[in-house]
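Enquirer: okay, here's the prediction I keep looking at, along with the sequence it came from:
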Amino acid sequence: MSAVYDNWERLVAAVLRKQQLWELFHDHSRSPSILSEASNSSSIFNLSSHLNDLGLNFSNGSFASSRRAPAKLVLVSDFSPAIDIKEADIVSPKLLGTGTFGSAYTATMANWVRIVVKKLNKSLSISELDFKRHMDVAGNVRHENVVAVRAYFSSEDERLVLYDYYSKGSVYALLHGKTRGNPAHVDWETRLKIAIGAARGIAAIHAQNGGKLVHGNIKASNVFLNSEKYGCVSDLGLTNMIETTFVPTAWCYAPEVKNTRDMSQASDVYSFGILLLELLTRKSTSHVPGGPEAVDLVKLVNSVNSKARAAKVIDDDLMENPAVREQMVKMLQIGIRCVAKSINKRPKISEVVTMLEDLMTNNGNSGSSERKLLFFEDSNATFDLEDMLRASAEFLGKGTFGTSYKALFEYGNAIVVKRSNDVDVTFMVFQQHIEVIGRMRHDNVAELKAYFFSRDEVLLVYDYYRQGSLSAMLHGTGNTPLDWTTRLRIAVGAARGIAHIHQQDGGKLVHGNINSSNIFLNGQEYGLVSDVGLAKVMNLVGRSALQTQGYCAPEVRDTTEVSQASDVYSFGVVLLELVSRKPSQWTKNGRIGSLVDSIQYVGLGEWTNVEVDFELLRYRDEEETILQTVRIAMDCVATVPESRPRMPEVVKILEEISGIEPFNDVWEDTWGGQSIESRLEDLLDDLLPTLTL
């Protein structure tokens, strides 16, 4: 069973180990009198939402005798959190607030990792089968701007849903909360990124379930900020499970919903339009104790028909920046289109995404039109674009993404610059993706230092690795053959790097171009992976180049769509390359051959006798280790993606056969050989208190 799945099981188990959470969820527990549209852990209205830890004697098992039929805990996410949850424990459950469909709690683990558990209202009138169906649909939505459903719990009278915790809080808290009595400054770029992210998330939702899925409850308190400050939509699909006594009266709902309670994708667009107006005016459509009064935003902006009048409704804080007034007016116009009374006059959310992205791209686009390098926060900007262009350049090679150069500055430092004109996305899409890559910090992943984006080209800046790539070490002329220990260290390091990459962006990030030219040696002479995630932003010509390589998985050759499973395949080819010192692909007598074809054709035994690098034959004591490495490679290059191991499993096996000390305990399986299903049954049988009063 995959380590990814086990990781989330451990996290959920850690949550359930403490009866204090369950006590907190029940009606007889303390119930702070707050309505938190804020959806944030901070007390933005001086409301004491922090509960003391509940000192319960968990060793007393008296609750077990009154338990009803076993409840069901279901893991719906295949994402892997980039956290160590081996010793996880609940230390401070806290109420975040109460919303339309229930109460939300945050639980802080002993290792300071937070999750959110939403307890749905008892007005939820739905069978367990229908609840599971709704949750499975919601859980299948995989998008960087949709808050992932991690797991859910269902019993006769209790429904719980587990989500990631977003430390930056909700848009409601950002706009209407106060720090030391004053509202926080929210700049225009942040507001625009919130709008673009949320629109993308809603568009992804509308594309699901045959293009019929509806969110049904779009509002500022259900939109959160991810680490790049883009909006992420939460509470997906809960509207469909609430009985018809729910009456949507707030001004964030479309007129037809108030009359018929019939949610649709058009009503989602209306609610998103209200969100745009809220971002522009900083006025709220709902009221909570201590918060701002509710305002009918449609009525407020309905008379706006000129730029001069638009200025009267836009937040004063924004009007201090005259350079973006044109953008604000255009967003206002988009918002007004979305809140049209007639359903037929509202745009599709996909059209809204395009309009908002064009708004950014065509109006200054946060640096894309300025000729300057954009550095990441912890990268020292010791040079600028002009310095880099003046530096002496040495051609290193042409790869899938573009051309690589070594730039040597006058003071002796060297960097690598990758240049490409195969990028075919807007600046906003590129920036959102590249910032995920730029934040990665790992010993086995090459750090992206800076980037430059224009309509004509993209430049990416990396550190220079003087020993060169693995491809150069294996196939370059005049190089001393690598010993077996060095090859194993390269394999282990590269595997660790890829496993770390796969944990990023909510467990969704893909490298997309694993090959020996993109693997280098770090200071400890372990493998280090470069060129992370660039396949996602390449145009069709660039992606098609991936199909011609011997590293390309069969499904990528058919669709050009890369995945974490295709990364595993490519890494398997690298392992075969390390063992054989042969290129991944070659042409002989007019016919194309590859390492994968050769091993699948002749089998493991004959392949190791014929194809293993002659230089490795002198390592008599390592014959079994070499054979095990080839076996792992064969598993990785399985034709069927589902048959391939996940990278954490590959890391563990390589560490074991090489004798290299494990790098990260998050990949270790400490649960033994028991199946996940039986472990969950034992967990529920032994740990869950009764869910009835």
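Expert: Good, I have the coordinates. Since this is a predicted model, take the numbers as computed values, not measurements.

Enquirer: and for the residue nearest to Ile218 when sequence neighbours are not counted, the neighbour number?
Expert: Distances taken as Cβ to Cβ, 6 or more residues apart in numbering place Ser271 nearest to Ile218, at 3.7 Å, with adjacent residues excluded. Where you see a C-beta, it was placed from the backbone N, CA and C, and this is true even at glycine. For Ser271, the neighbour count with other Cβ atoms under 10 Å is 27.

Enquirer: ditto for the one 4 residues further on
Expert: As a burial measure, Leu275 scores 28 neighbours (other Cβ under 10 Å).

Enquirer: care to break this protein down by domain?
Expert: 1-165+666-693, 168-363, 374-662 (automatic domain parsing).

Enquirer: could those go into CSV alongside mean pLDDT?
Expert: Shown next, in CSV, are the domains of the chain (pLDDT from 0 to 100):
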stretch, mean pLDDT
domain 1-165+666-693, 53
domain 168-363, 81
domain 374-662, 84
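
Enquirer: ok, Glu394 - contacts?
Expert: 405-406, 408 (Cβ atoms under 8 Å, 6 or more residues apart in numbering).

Enquirer: so of those, which ones are in strands?
Expert: Counted as lying in strands by DSSP state E, out of the contacts of Glu394, are 405-406, 408.

Enquirer: using PDB, write out every CA atom in the lengthiest helix in the chain.
Expert: If you go by DSSP state H, the chain has its longest helix at helix 484-507. In PDB, the C-alpha atoms belonging to helix 484-507 read as follows (Å, rounded to 0.1, in the frame of the first residue of the first chain):
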ATOM      1  CA  TRP A 484      29.000   1.700  -7.600                       C
ATOM      2  CA  THR A 485      28.800   3.600  -4.300                       C
ATOM      3  CA  THR A 486      28.600   6.900  -6.100                       C
ATOM      4  CA  ARG A 487      25.900   5.600  -8.500                       C
ATOM      5  CA  LEU A 488      23.800   4.500  -5.500                       C
ATOM      6  CA  ARG A 489      24.200   7.800  -3.800                       C
ATOM      7  CA  ILE A 490      23.100   9.500  -7.000                       C
ATOM      8  CA  ALA A 491      20.100   7.200  -7.200                       C
ATOM      9  CA  VAL A 492      19.100   7.700  -3.500                       C
ATOM     10  CA  GLY A 493      19.500  11.500  -3.700                       C
ATOM     11  CA  ALA A 494      17.500  11.900  -6.900                       C
ATOM     12  CA  ALA A 495      14.700   9.600  -5.600                       C
ATOM     13  CA  ARG A 496      14.500  11.700  -2.400                       C
ATOM     14  CA  GLY A 497      14.300  14.900  -4.500                       C
ATOM     15  CA  ILE A 498      11.500  13.500  -6.700                       C
ATOM     16  CA  ALA A 499       9.600  12.200  -3.600                       C
ATOM     17  CA  HIS A 500       9.900  15.700  -2.100                       C
ATOM     18  CA  ILE A 501       8.600  17.300  -5.300                       C
ATOM     19  CA  HIS A 502       5.600  15.000  -5.300                       C
ATOM     20  CA  GLN A 503       4.700  16.200  -1.800                       C
ATOM     21  CA  GLN A 504       4.500  19.900  -2.900                       C
ATOM     22  CA  ASP A 505       1.400  21.800  -3.900                       C
ATOM     23  CA  GLY A 506      -0.900  19.600  -1.800                       C
ATOM     24  CA  GLY A 507       0.800  16.500  -3.100                       C
END
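
Enquirer: downstream of that helix, the next helix or strand is which one?
Expert: Next along the chain after helix 484-507, taking DSSP states H and E as the criterion, comes strand 519-521.

Enquirer: and of the contacts of Glu394, the nearest to Pro662?
Expert: Distance to Pro662 across the contacts of Glu394 (Cβ to Cβ) is lowest for Lys406, with 34.8 Å.

Enquirer: neighbours of that closest one, just the number please.
Expert: 16.

Enquirer: same question, Lys132
Expert: Neighbours around Lys132, by other Cβ under 10 Å: 17.

Enquirer: list the residues that contact it.
Expert: 74, 152, 154.

Enquirer: same thing with His511?
Expert: Residues 498, 501, 529, 531-533, 535, 562, 567, 570 are the ones in contact with His511 under the rule Cβ under 8 Å, 6+ apart.

Enquirer: distance to Arg439 and secondary structure for the residues you listed - can I get that in JSON lines?
Expert: Output for the contacts of His511, formatted as JSON lines (distance: Cβ to Cβ, whole Å; DSSP: H, G, I helix; E, B strand; the rest coil):
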{"residue": "Ile498", "distance to Arg439": "17", "secondary structure": "helix"}
{"residue": "Ile501", "distance to Arg439": "12", "secondary structure": "helix"}
{"residue": "Val529", "distance to Arg439": "16", "secondary structure": "strand"}
{"residue": "Asp531", "distance to Arg439": "16", "secondary structure": "coil"}
{"residue": "Val532", "distance to Arg439": "11", "secondary structure": "coil"}
{"residue": "Gly533", "distance to Arg439": "12", "secondary structure": "coil"}
{"residue": "Ala535", "distance to Arg439": "19", "secondary structure": "helix"}
{"residue": "Val562", "distance to Arg439": "21", "secondary structure": "coil"}
{"residue": "Asp567", "distance to Arg439": "19", "secondary structure": "helix"}
{"residue": "Ser570", "distance to Arg439": "23", "secondary structure": "helix"}
